[in-house]
Each structure stands twice: as structure tokens, then as C-alpha cells.
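Colleague: Quick one: sequence plus predicted model below, questions after.
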Amino acid sequence: MLPLCDFTSHRKKKGMYWQKDLETMTASQLEAYQLQKLKETISRAGQSPYYGALFKKKGLSATSLNAVENIGLFPMTTKEDLRGNFPYGFLAMPLDNTIRLHCSSGTTGNPTVIFHNRHDLDSWANLVARSLFAAGARPTDVFQNICGYGLFTGGLGFQYGAECLGALTIPAGAGNSKRQIQLMQNFGTTVVHAIPSYLTRLHTFFEEMGIDIARDTSLRLLVIGAEPHTEAQRQRIQELFGIKAFNSFGLSEMNGPGVAFECEHQTGLHLWEDAFLAEIVNPDSLEPVAEGEVGELVMTTLDRQAMPLIRYRTRDLTRFLPGDCPCGRTHRRIDRITGRTDDMFIVKGCNIFPMQVEKILMNFPEIGHDYLIVLETINGVDEMLIKVEVSRNWFAGELDALENLRRRIVDEVRDEVLLTPQVKLVEPGALPKQEGKAVRVQDLRKSEGA
């Protein structure tokens, strides 16, 4: 049997689907498939020290599953569980059978580590290839991956997925914007993957170099993900580049990219339910929410052998979308991630998510590409300061116009979050830039003992 991502097996793939038999299963077929894979996953997970002890204590095993819904009998897994059993507590096979690990930075304690064997990497690459194919990428494309390589999953995840797709792949890595543009022009790049905040900065280099994207490049499709962003920011990116930008969702605990992806219709993200079992629960009660209601996404791997995870709390907030997609894929779709339960901060009793602020800011054409929310305690009172880069033309404009803009931002943010912020307009490029995910919140209250 050919491996899932054998190059020659997919090089001439045509049609609407990457794996039609899996992507268009009926509800009953999918449920039966999931139940079989779930039983296999529970059995594998029980081979790990952590789940083996937990299942024995709770009297649980694969025989506890008569239906997919029985997954609710099993306890949820948290990031704290992964850290507390670092490094090998969740490994479900001998170490010499594994061939790669990815892990988080571990800046707040032990990192979260995920192990893969050969099957896991092939399966992951195949899911990314399926995702790219759904968005409209094809084996004939030139794929430029503007993402960090290494322990972060976005680089290698998309690299192997694009190769599985059969595209010519440029492992460009992050940063060095002028070099990125040169690569696009030299090799006729058609598809780019990058984080949203970097793409908005990259566009300024096109302008500085006098390059017209439509005339001077072959770009036709953008893939964005890895950091939370609003629909308004996606629309801004599409307007800047003049092409569609497709949302990607993933997390390292579920491999990385390739968990859910938009198809060409952009009607939500198709969650690949043959590889992941998803639940959406109330983050406080942990009870399932009503269909279509926003809650925390909880996921179980169905096709990972080295380190299966059972009911992992992602902390991501989303909802299942009702109805069918015109593309014909039958797996459920999730809405874009609206925030994370651990991203929320509280100021003067108001619960605020950074994306609420971004949604407002992106509606102002006068605003540039970056902003920073600074939380600090002044005279014993918590305050929220929003530093906003203004586009070059506006920053050089009349002071009255700038003050009017500042007041409008204050008013609209206050109406959204029910708190009056301080707003400071700064010149383009004044805020610090990161190679990886953009830092949107700087909480100085912690360092002040608040």
C-alpha cells in the first residue's frame, strides 16, 4: 500500500476532493467510522502511564464505548495534565518507535510535548494536504511557507503538507520581508502561508519597493492562521493583496495545522471528523452547549498512535455552524475562533477579549497594521491603554483630525467592552514587531503585584 503522502500518488490529482470517500461520508457512516477509531484510540491511550492509571482508577476502557456519545464518560485532559506528566507520561508506545516531537516554549513551566511516529506524521501531512486542496491549492502551485521552522508546528506542518499535495514548496521561514518578495518573483509563488499580522506588515514592503502584486507577482491564494484574528482583519488582508485569504485552524496538541480549514466557499472551517472527535462545552460547567451556541472546543485524536489525547480542553471558543456547505463535504464546520478562555482579561469588572478590540480597530481605514493593549495599575486603579499605529498619511495630517479619530476609537471601544479606554495614536512602525505570533496584550499589573 502506498503511504498517505506518496508524492507520485497525488501529483495529478484533480476534481473537488482530496479523499472523497472520507470527506463526503453520510452521518451514519461517519459515526460508525468514528466509533471504530475511538475504540482504537482509547486502547492505545491506555498504554501510556497517565491514561493507563486514570482508566484503571475510573474503571474505563474501550469496552465502555457503545456509541460516540459515550466519550463523555471519560475525564477531560488539560494543558496542566500534560505539563504535570512531562516529558513521557502521555507516550503510548516505546520511545524508539517515535521519530519527532514538537513542544511549546515552556515559558510558564514545563513545555507541552507531543510525540509522533511515522504513521502520525504521514496522517498529519495528509490532513494538511487535504486542507490546502479544499481551499483551492493544487499540485501545480508554488507554495511559499513564511513561517518559523523548528519546535513550532506551523513550519514543518505546512512544509510536509504542501509536499504531500505535490506543490513545489519554498521553506522560506519567517521574516526578511524583501527576501520573501524576491522569492515570490523569482519562482512564481502562487500560494503563501503566513500569520495575519505578518502579512499586513509584508504589504508595506510591496509598497516601498513599488511592486504591484497583481501585475508583478503570480500570487493567487493566501493561507492564514496560528494567531487569533477577526473577520475584519482577514477582509483587510484580502483587500491589501487583492486575493482570497483562507482561515486555518490547528493546535500543537492536535498535531498543529490541518485540524480544520476553509474550503473555497469560505463558509466556516471544515473540521476533519475522521481524525478528530470534537465537542463544544460550557467552559465553566463543562456541559455540552446547545447546537450553534459558542463554547470551548474539546477534542479527541482519532488517528494518532504515539500520543493520543482524550477530550483535550483547547481553551478555544467557537461554535458548530448549522446547515450544509455548498462544497458537498459533510464533516461539521466550526466558526472562526472568537477568542480563548485564557486570553480574557478583567479591567474594572469588565470581561474583555483582545479580539473585541481588534474588531473595532479594523473598521477604521485610518489605522495602520498594529496595535497593543497595555494594562497597568495607576494610583491603585486598573486602566486599559490602547496604542494604535496610524497610517502614514493620517499621522502626518492635521492635529484636529487625529484627535477626532482618537475620540471615535475611544467611543466605539467603550460601546463594545463597556469600559472607557485610554487611546494613544502612534506613528507607523512605532510598536515592537515579532517574528512569530503578534503580542497584542501587555499586562503590567502582574509585575506591580496586582
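Modeller: Arrived safely, thanks for sending.
Colleague: Only C-alpha atoms from now on, for both contacts and neighbour counts.
Modeller: Noted.
Colleague: what comes up buried for the top strand by length along the chain?
Modeller: The longest strand of the chain (DSSP state E) is strand 367-378. Buried residues in strand 367-378, defined by neighbour count with 16 or more other C-alpha atoms under 10 Å: 367-377.
Colleague: where does the stretch 1-150 of the chain have low pLDDT?
Modeller: Low-confidence segments of the stretch 1-150 of the chain (pLDDT under 70): 1-14, 105-108.
Colleague: Which parts of it are helices?
Modeller: Secondary structure of the stretch 1-150 of the chain, counting by DSSP state H, counting those that start in this stretch: helices at 7-10, 20-23, 27-45, 49-58, 79-84, 118-135.
Colleague: and those helices, which is most packed in?
Modeller: helix 118-135 (a mean of 23; mean count of other C-alpha atoms under 10 Å).
Colleague: Ok, which of the helices of the stretch 1-150 of the chain comes nearest Gly256?
Modeller: helix 118-135 (8.2 Å; C-alpha to C-alpha).
Colleague: Give the phi and psi angles for Ala430, as a check.
Modeller: phi -70, psi -30 (degrees, to the nearest 10).
Colleague: what about it, distance to Trp124?
Modeller: 39 Å (C-alpha to C-alpha, to the nearest Å).
Colleague: didn't Arg138 look like it was pressed against Ala167?
Modeller: Yes. In this structure, Arg138 is within contact of Ala167 by C-alpha atoms under 8 Å, at 6.8 Å.
Colleague: dump the residue contacts of Tyr33.
Modeller: Going by C-alpha atoms under 8 Å, 6 or more residues apart in numbering, Tyr33 touches Asp274.
Colleague: tell me which element Asn363 falls in.
Modeller: Using DSSP states H and E, Asn363 falls within no helix or strand.
Colleague: coming back round to it: ok, the buried residues of strand 367-378 vs Thr314, which is closest?
Modeller: Ile373 (23.8 Å).
Colleague: For the closest one, give me the pLDDT.
Modeller: pLDDT recorded at Ile373 is 93.
Colleague: which stretches of the stretch 351-450 of the chain have low pLDDT?
Modeller: In the stretch 351-450 of the chain, residues with pLDDT under 70: 395-397, 435-436, 446-450.
Colleague: now the helices for it?
Modeller: 354-361, 392-395, 399-417.
Colleague: tilt between the first one and helix 399-417?
Modeller: Between the axis of helix 354-361 and that of helix 399-417 there is an angle of 140 degrees, by axes from the mean of the first three to the mean of the last three C-alpha atoms, to 10 degrees.
Colleague: Can you name every helix or strand that helix 354-361 contacts?
Modeller: If you count contacts as 3 or more C-alpha pairs under 8 Å, 6 or more residues apart in numbering; DSSP states H and E, helix 354-361 packs onto helix 231-241, helix 399-417.
Colleague: Format those helices as JSON lines; extra columns: distance to Pro322 and mean neighbour count.
Modeller: As requested, the helices and strands packed on helix 354-361 are exported to JSON lines (distance: least, C-alpha to C-alpha, whole Å; neighbours: other C-alpha atoms under 10 Å):
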{"stretch": "helix 231-241", "distance to Pro322": "19", "mean neighbour count": "17"}
{"stretch": "helix 399-417", "distance to Pro322": "26", "mean neighbour count": "15"}
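Colleague: So for Arg313, which of those sits nearest?
Modeller: For Arg313, the closest of the helices and strands packed on helix 354-361 is helix 231-241, at 24.2 Å, according to C-alpha to C-alpha.
Colleague: Contacts for that closest one, please.
Modeller: Residues contacting helix 231-241 (C-alpha under 8 Å, 6+ apart): 196, 199-200, 203, 213-214, 244-245, 358-359, 362-363.
Colleague: which among those residues end up buried?
Modeller: Burial by neighbour count, judged by 16+ other C-alpha under 10 Å, picks out 196, 199-200, 203, 213, 244-245, 358-359, 362 from the contacts of helix 231-241.
Colleague: Among these, which ones are in strands?
Modeller: For those, secondary structure assignment (DSSP E) places 244-245 in strands.
Colleague: Is it correct that Thr189 is in contact with Ser218?
Modeller: Yes. The pair Thr189 / Ser218 is scored as a contact, 6.0 Å apart, by C-alpha under 8 Å.
Colleague: who's more crowded, those two?
Modeller: The residue with more neighbours, out of Thr189 and Ser218, is Thr189; 24 against 16, by other C-alpha atoms under 10 Å.
Colleague: The more buried one - nearest residue in space that isn't next to it in sequence?
Modeller: Nearest non-adjacent residue to Thr189, counting by C-alpha to C-alpha, 6 or more residues apart in numbering: Val142, 4.8 Å away.
Colleague: ok, that neighbour - contacts?
Modeller: 167-170, 187-191.
Colleague: If any of the residues you listed are buried, give me the PyMOL selection for them.
Modeller: In PyMOL, this line selects whichever of the contacts of Val142 come out buried by 16+ other C-alpha under 10 Å:
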select buried, resi 167+168+169+170+188+189+190+191
